[in-house]
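**Q** Need coordinates for the below:
(one chain, ligands or ions: 1)
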Amino acid sequence: MQPRQSQETLNPAPASTDTPLTLAQRSNLLPLTARGYMAWRAWSLTLLSGEPFPLGREAALFTALCRPQSGEYWLDAGTSAGFYAGVLARAGCRVLAADLSAAMLAEGVRREPSGQIDWLLTNLEAGGLPDAAFDGVTVGATLNETRDPARLLAELARLTRPGGQLWLMYVGRTGGPLQRFLSRPALGGLSFPDPAWVGRQLPGCIRMDGLRVGVVVFERYVKGG
Ligand SMILES: C[S@@+](CC[C@H](N)C(=O)[O-])C[C@H]1O[C@@H](n2cnc3c(N)ncnc32)[C@H](O)[C@@H]1O
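**A** Predicted coordinates for the structure are as follows:
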């Protein structure tokens, strides 16, 4: 699939509202959340993992394991302000940076003005992109926020070409009281997947790498042919 131009993709049909949103998803629609997002993101993995984990370390880990190649076409699923999209663009990849929040996409366009990136307003749970369109998919913490993580994973596997990669970063399940609290619909509706559960949602994919630092899980899957 050829990526479309930024302006077309930034203002396509609105993100589907057929799928109800979690409170966490709705909070991302706010311009204030989008404005402050990268300040939180820069510290989030250090806070969650319990050790120094700046964005540069995350980018280096992703690049070392996935080795994105110039000319490849990647989907950044739930891009927010375009952190993974920017890393991929600097590696020479074309990127479709998708998010259901127009405010987040506007922040992404502002932070990552690369012509390598196209920005798409969509709810990825709702489908609509072509099969096997991407050489790789990055999913930075979107699993924690989306309403139906199983549906999102199935959809992202469908979008990945055979032999393509799926890079996941998420807060893994601890079973603790704070996660149970934040999972309540009225308090965020967040999901905290267990890695074994994630693997069962990706039956056609092989887990090639996995790393857990504190509660933060990084995984690389490759889609079977
Ligand atoms: C925790 S943020 C992570 C952002 C980014 N991947 C990163 O690593 O910095 C999750 C983002 O995913 C978006 N999102 C959540 N569910 C989505 C869905 N079903 N479709 C598209 N975007 C979604 C939210 O709007 C939010 O911007």
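
**Q** Spell out which parts of this protein neighbour the ligand.
**A** By Cβ under 6 Å from any ligand atom, the residues of the chain that approach the ligand are 25, 28, 41, 78-80, 83-84, 98-101, 104, 123-125, 140-142, 145-146, 152. Yep, even glycine has a C-beta here, placed from its N, CA and C like the rest.

**Q** Which strand residues bridge the most centrally placed residue in the chain?
**A** Most central residue of the chain, judged by C-alpha distance to the mean C-alpha position with Cα atoms, centre = their mean, is residue 139 at 2.6 Å. Residue 139 has the following beta-bridge partners by DSSP bridges: residue 168.

**Q** Let me see the contact set for it.
**A** For residue 139, the contacting residues are 77-78, 152, 156, 166-170, by Cβ atoms under 8 Å, 6 or more residues apart in numbering.

**Q** Reformat those residues as CSV; add distance to residue 119.
**A** Conversion of those to CSV gives the following (distance: Cβ to Cβ, whole Å):
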residue, distance to residue 119
77, 13
78, 13
152, 19
156, 18
166, 21
167, 19
168, 22
169, 20
170, 23
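
**Q** Nearest to residue 94 among the residues you listed?
**A** Ranked by distance to residue 94 (Cβ to Cβ), the contacts of residue 139 are led by residue 77 at 15.1 Å.

**Q** Do you know the pLDDT at the nearest residue to that closest one once chain neighbours are set aside?
**A** Taking Cβ to Cβ, 6 or more residues apart in numbering as the measure, residue 77 lies nearest to residue 139, with 4.8 Å between them; neighbours along the chain are not counted. As summarised for this prediction, residue 139 has a pLDDT of 98.

**Q** do the same with the one 5 residues further on
**A** Among the per-residue scores, residue 144 holds a pLDDT of 97.

**Q** Next up, the contacts around it.
**A** Contacts here follow Cβ under 8 Å, 6+ apart; on that basis residue 144 touches 24, 170-171, 190-193.

**Q** any idea of the mean pLDDT in stretch 89-97?
**A** Per-residue pLDDT values over stretch 89-97 give a mean of 98.

**Q** typo on my end, it should be stretch 213-225
**A** Summarised as a single mean, pLDDT over stretch 213-225 is 96.

**Q** got a list of contacts for it?
**A** By Cβ under 8 Å, 6+ apart, the list of residues contacting stretch 213-225 from outside reads 45, 48-51, 53, 61-62, 65-66, 157, 160-172, 174, 195, 198, 202, 204-212.

**Q** and what of stretch 58-77?
**A** Among residues not part of stretch 58-77, those counted as contacts by Cβ under 8 Å, 6+ apart are 1, 3, 45, 82, 84-85, 87-88, 91-98, 124, 129, 133-140, 142, 152, 156, 159, 165, 167, 169, 208-209, 211, 218, 220.

**Q** And that stretch, end to end?
**A** The stretch stretch 58-77 measures 17 Å between its terminal residues, going by Cα to Cα, to the nearest Å.

**Q** switch to numbering from 23
**A** Yep, numbering from 23; the last one is stretch 80-99 now.

**Q** Averaged pLDDT, that stretch. What do you get?
**A** The average pLDDT for stretch 80-99 rounds to 98.

**Q** Good, wrapping up.
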